[in-house]
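Peer 1: Fold the following and give me the result.
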Amino acid sequence: MDYLFAVVLFAVSSSVTPGPNNIMVMTSGVNFGIRKSLPLLAGICVGFTIMLFLVGLGFAQLFELFPQLHFIIKCIGTLYLLYLAYVIAQSAGSVSSTAQAKPFSFMKGALFQWINAKAWVVASGAVVAFTTTEASFHTQNMMIALTFFIVSFPCVGVWLVFGSILKKRLNSSRSRKWFNLMMSGLLVVSVLPVLQEIVRQFTASNI
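Peer 2: Prediction:
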């Protein structure tokens, strides 16, 4: 019981804290509302659950054998997040005039997890921290993934609801644009630690 409580606590804390997923969902809630953003929310939650399960099945070992692959994915993901920050920053108050004319789909939300640096850290950390040799590894892996699946919907959904509430407050194009600029900045800030790590790894490999 203590073990399950620890997994739930880790899942809640890692899912509800700020990160690229939650910033995307809140921004979508502000610009498009709850109903149109539900596919993105579902894609993030389902996509991360699948990713976590596959990491537990052996993706972590694959990256140990081919560390360059992990570095390449990290670089692609960082570039995409910076592009996403640019798209959000270009968004104005009116949906019809935004660079992002419609909310991200379920599939984009799911595939986004594979280039989301925080998702990789959380998935790897969960597998390492909460799997032991005292029980079936596959059973533990399934339980961890299922816990995240159940917990992530309300935790990430809070950000969507918050974005929808802000939408009613940000009733002018000017205020909506300033909000998008702030969210764009937060997304860039969330990428900075990964960007620093990429530069450090690249520099070390060339020494």
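
Peer 1: Low-confidence ranges, this structure, go.
Peer 2: Low-confidence segments of the chain, defined by pLDDT under 70: 1, 59-61, 63-64, 67, 70, 91-101, 132-134, 171-172, 190, 206-207.

Peer 1: Quick check: closest non-adjacent residue to Leu195.
Peer 2: Thr78 (5.7 Å; CB to CB, 6 or more residues apart in numbering). Every residue, glycine included, has its C-beta placed from N, CA and C.

Peer 1: quick one: contacts for that neighbour?
Peer 2: 117, 191, 194-195, 198 (CB atoms under 8 Å, 6 or more residues apart in numbering).

Peer 1: For it, what is the enclosing helix or strand?
Peer 2: helix 67-90 (DSSP states H and E).

Peer 1: Residues in contact with the next helix or strand after that helix: which ones?
Peer 2: Using DSSP H and E, the next helix or strand after helix 67-90 towards the C-terminus is helix 106-112. Residues from elsewhere that reach helix 106-112 (CB under 8 Å, 6+ apart): 20-21, 24, 39-44, 46-47, 50, 104.

Peer 1: Flag every buried residue along the next helix or strand after helix 106-112.
Peer 2: Using DSSP H and E, the helix or strand that follows helix 106-112 towards the C-terminus is helix 117-130. For helix 117-130, the neighbour count (16 or more other CB atoms under 10 Å) marks 117-120, 122-124, 126-127, 130 as buried.

Peer 1: Could you find which two of the residues you listed are furthest from each other?
Peer 2: Farthest-apart pair in the buried residues of helix 117-130 is Ala117 and Phe130; separation 20.5 Å (CB to CB).

Peer 1: quick one, what contacts Asn21?
Peer 2: 44, 48, 112-113, 116, 118-119, 156.

Peer 1: Tell me how many other residues surround Ile76.
Peer 2: 12 (other CB atoms under 10 Å).

Peer 1: OK, contacts around it?
Peer 2: Contacts of Ile76 by CB under 8 Å, 6+ apart are Ile115.

Peer 1: Name the surrounding residues that touch stretch 25-34.
Peer 2: Counting by CB under 8 Å, 6+ apart, 36-37, 40-41, 44, 88, 91, 95, 98, 100, 102-104, 156-157, 159-164, 166-167, 170, 176, 179-180, 183 sit against stretch 25-34.
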